[in-house]
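Enquirer: Got a sequence here, can you model it:
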Amino acid sequence: MAVPKQEPKSDMPDNDALRWDRVCRRLRAEIGEDVYSSWFTSVALENIQNDSIRLSVPTRFLRNWIQSHYGERLIELCRAEFQEVQKLELVVRTTLMRSSAAPARLGRAENAGTAPDRTVSMPPRAGIGGPAIEHTRLHGAGGSPLDPRFTYATFLVGRSNALAHAAARQVVEAQTGTAARFNPLYIHAAVGLGKTHLLQAIVWAGEASGRRMIYLTAEKFMYGFVAALKSQSAIAFKEALRGIEVLVIDDLQFLQGPKVQMEFCHTLNALVDAGRQVVIAADRTPGELESLEERVRSRLAAGLVVEIAPLEAELRQRILETRIAALKVQHPGFEVPDVVLQHVAQQVTQNGRDLDGAVNRLLAHNQFSGRPVTVELADEVIRDLVRPADPRRIRVEDILRIVAKHYGVSRADLLSSRRTANVVRPRQIAMYLAKTLTLRSLPEIGRRFGGRDHTTVLHAVRKIEGLVQGDKGLAEEIDSLKRLLQE
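Expert: Take a look at the predicted model:
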């Protein structure tokens, strides 16, 4: 005979539970049913001690989001009902907490033994995308965590990222079972320009349509493979990866170790040869990933390589507009005149994260000091975010090409072991330029020059430095090469 389930009894005082229910209803009325049901139904009242009220949530992400977006308003509502409360503590629930008493929830209680609804609804916050309320499913086990904000609906498109966005959309819109058109798809850009946003948007959209996808950072891939080796489950690890439809790898520049790289290469080849889509992001082109083996770089370069360029002024302004519009929902008095918005968009040019920082600083100074948002205030708070325009980023590939052309030798000559005078001097000059014009280390430069030892590079650099001091003609020649590289 089946025994009916019994709801656990709460030892919460009735008066506290009633007052807490009033807090819930007021919050629901203020922010609307959609936002409330998406973000607050799993918040629970744990206890009230002295002047502190403790609330709990199931995940750290939810705790951080509520603290940053509604923390101040929550404490205000709690103080209105619990006069003794001065502080609010938001904690992540533990197994021990859940095993004691059932806390009072902001909304309907979940059925005992039933997994909670994993659907979330985002408030109108946009990244390098557009403002929208996007319904997405939390990422399943096995892959790296996904940020619910990073969807196609919240990706702002401009000239700098239009090609990357179109290529990423094509991955999702391709019909299941058809051969991938561009494979692998390789997206590269500097930090803060939207690579991760775009990759996660692919996974969110793909999973919503029922496709088998997995999103992994390079670090997660490495740890997963090493753990599989230790537990003698490497075969299962490989089969799991190769059985999916779309593999998405982020931050490939951090992939290290010969065994891990070999397994990544085998997985890449197996998926591409089987017509499965592979999408990869890194902070530089495949050819510049010196830590990767040549065969891996070659396979990556054989697909579609797309760059997300620095954000243009128009796109920076649209990003600022969406950030400010989202903050005004929580802070109705926060006003940023158009002239200030345009000024910030012109001054803060590096990436989207700097734009986020600029908006947060304007809000903080406006809220804490009561000062209106003016151009003068903006200049004061974003001073350290205004950076001089970076000179053109010079790559080792550019140096090899320019030097080879200037001295009438081939790129293969510079990388070879030939010791003839007409090759040795240009090779040494190229190594010298690579050391002085790039951030590459001596070992990295050695690898790019045919796998040479770092001591060979150091000898070449010192040799040219010594010659330049006494040879005016050589000094002018190298200056000319530098100008060509910086054009």
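
Enquirer: just so I have it, where are all the strands in the stretch 1-150 of the chain?
Expert: 44-49, 52-57, 87-92, 104-105, 119-121, 135-137 (DSSP state E, counting those that start in this stretch).

Enquirer: What of the stretch 351-487 of the chain?
Expert: With DSSP E, counting those that start in this stretch applied, the stretch 351-487 of the chain shows no strands anywhere along its length.

Enquirer: mind showing which ranges of it have poor pLDDT?
Expert: In the predicted model, the stretch 351-487 of the chain carries pLDDT under 70 at residues 387-392, 487.

Enquirer: May I see the buried residues of the helix with the most length in the chain?
Expert: Counting residues, the longest helix found in the chain (DSSP state H) is helix 60-81. For helix 60-81, burial by neighbour count (16 or more other CB atoms under 10 Å) applies to 62-63, 65-66, 69-70, 73-75, 77-79, 81. Glycine gets a C-beta too; all of them are placed from N, C-alpha and C.

Enquirer: just the angle between it and strand 52-57, please?
Expert: Taking axes from the mean of the first three to the mean of the last three CA atoms, to 10 degrees, one finds helix 60-81 and strand 52-57 inclined to each other by 140 degrees.

Enquirer: what's the offset of helix 60-81 from the middle of its chain?
Expert: 26 Å (CA atoms, centre = their mean, to the nearest Å).

Enquirer: hmm, back to that, specify which member of the buried residues of helix 60-81 is nearest to residue 428.
Expert: residue 65 (55.2 Å; CB to CB).

Enquirer: wait, that closest one sits on residue 40?
Expert: No - with contact defined as CB atoms under 8 Å, residue 65 does not reach residue 40; the gap is 10.6 Å.

Enquirer: What separation do you get for residue 196 and residue 153?
Expert: The gap separating residue 196 from residue 153 is 16 Å, by CB to CB, to the nearest Å.

Enquirer: domain ranges for this structure?
Expert: Under the assignment automatic domain parsing, the domains of the chain span 14-108, 135-307, 313-385, 396-486.

Enquirer: low pLDDT regions in the stretch 151-300 of the chain?
Expert: 176-177, 179.

Enquirer: Apply 80 and report the result again.
Expert: Applying pLDDT under 80 to the stretch 151-300 of the chain flags the ranges 174-181, 207-210, 223-244, 256-258, 288, 290-294.

Enquirer: so residue 268 sits right up against residue 221, yeah?
Expert: No - assessed by CB under 8 Å, residue 268 is found out of contact with residue 221, at 11.0 Å.

Enquirer: With neighbour numbers in mind, choose between the two.
Expert: Ranked by neighbour count (other CB atoms under 10 Å), residue 268 and residue 221 place residue 221 first, with 26 against 22.

Enquirer: correct me, but that one touches residue 264?
Expert: Yes - contact criterion CB under 8 Å: residue 221 and residue 264 qualify, at 6.7 Å.

Enquirer: hey, where'd the helices end up in the stretch 301-450 of the chain?
Expert: Per DSSP state H, counting those that start in this stretch, the stretch 301-450 of the chain carries helices over the ranges 313-330, 338-347, 352-369, 375-381, 396-407, 411-415, 421-437, 442-448.

Enquirer: Switch those helices over to CSV; also include distance to residue 85.
Expert: Compiled in CSV, those are given as follows (distance: least, CB to CB, whole Å):
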stretch, distance to residue 85
helix 313-330, 21
helix 338-347, 37
helix 352-369, 22
helix 375-381, 33
helix 396-407, 61
helix 411-415, 70
helix 421-437, 60
helix 442-448, 57
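
Enquirer: Give me the helices and strands touching the longest helix of the chain, please.
Expert: helix 14-31, helix 33-39, strand 52-57, strand 87-92, helix 313-330 (3 or more CB pairs under 8 Å, 6 or more residues apart in numbering; DSSP states H and E).

Enquirer: what do you get if the cut-off is 7 Å, keeping everything else the same?
Expert: In terms of contacts (3 or more CB pairs under 7 Å, 6 or more residues apart in numbering; DSSP states H and E), helix 60-81 is packed against helix 14-31, strand 52-57, strand 87-92.

Enquirer: Output that helix as CSV - backbone C-alpha positions only.
Expert: Output in CSV follows, covering the C-alpha atoms of helix 60-81 (Å, rounded to 0.1, in the frame of the first residue of the first chain):
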residue,chain,number,x,y,z
ARG,A,60,25.3,31.2,-6.7
PHE,A,61,24.4,32.7,-10.0
LEU,A,62,20.9,33.5,-8.8
ARG,A,63,22.2,35.0,-5.6
ASN,A,64,24.6,37.3,-7.4
TRP,A,65,22.0,38.4,-9.9
ILE,A,66,19.4,39.2,-7.3
GLN,A,67,22.0,41.0,-5.1
SER,A,68,23.1,43.2,-8.0
HIS,A,69,19.7,43.9,-9.5
TYR,A,70,17.2,43.9,-6.6
GLY,A,71,19.2,43.8,-3.4
GLU,A,72,18.5,47.3,-2.3
ARG,A,73,14.8,47.1,-3.1
LEU,A,74,14.4,43.7,-1.3
ILE,A,75,15.8,45.1,1.9
GLU,A,76,13.5,48.1,1.6
LEU,A,77,10.5,45.9,1.3
CYS,A,78,11.6,43.7,4.2
ARG,A,79,12.2,46.7,6.5
ALA,A,80,8.6,47.9,5.7
GLU,A,81,7.2,44.6,7.1
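
Enquirer: got the angle between it and helix 352-369?
Expert: Our comparison of helix 60-81 with helix 352-369, counting by the same axes, to 10 degrees, yields an angle of 10 degrees.

Enquirer: who's in contact with helix 60-81?
Expert: Residues outside helix 60-81 that contact it (CB atoms under 7 Å, 6 or more residues apart in numbering): 19, 22-23, 26-27, 39, 42, 53, 57, 85, 88, 90, 92, 330.
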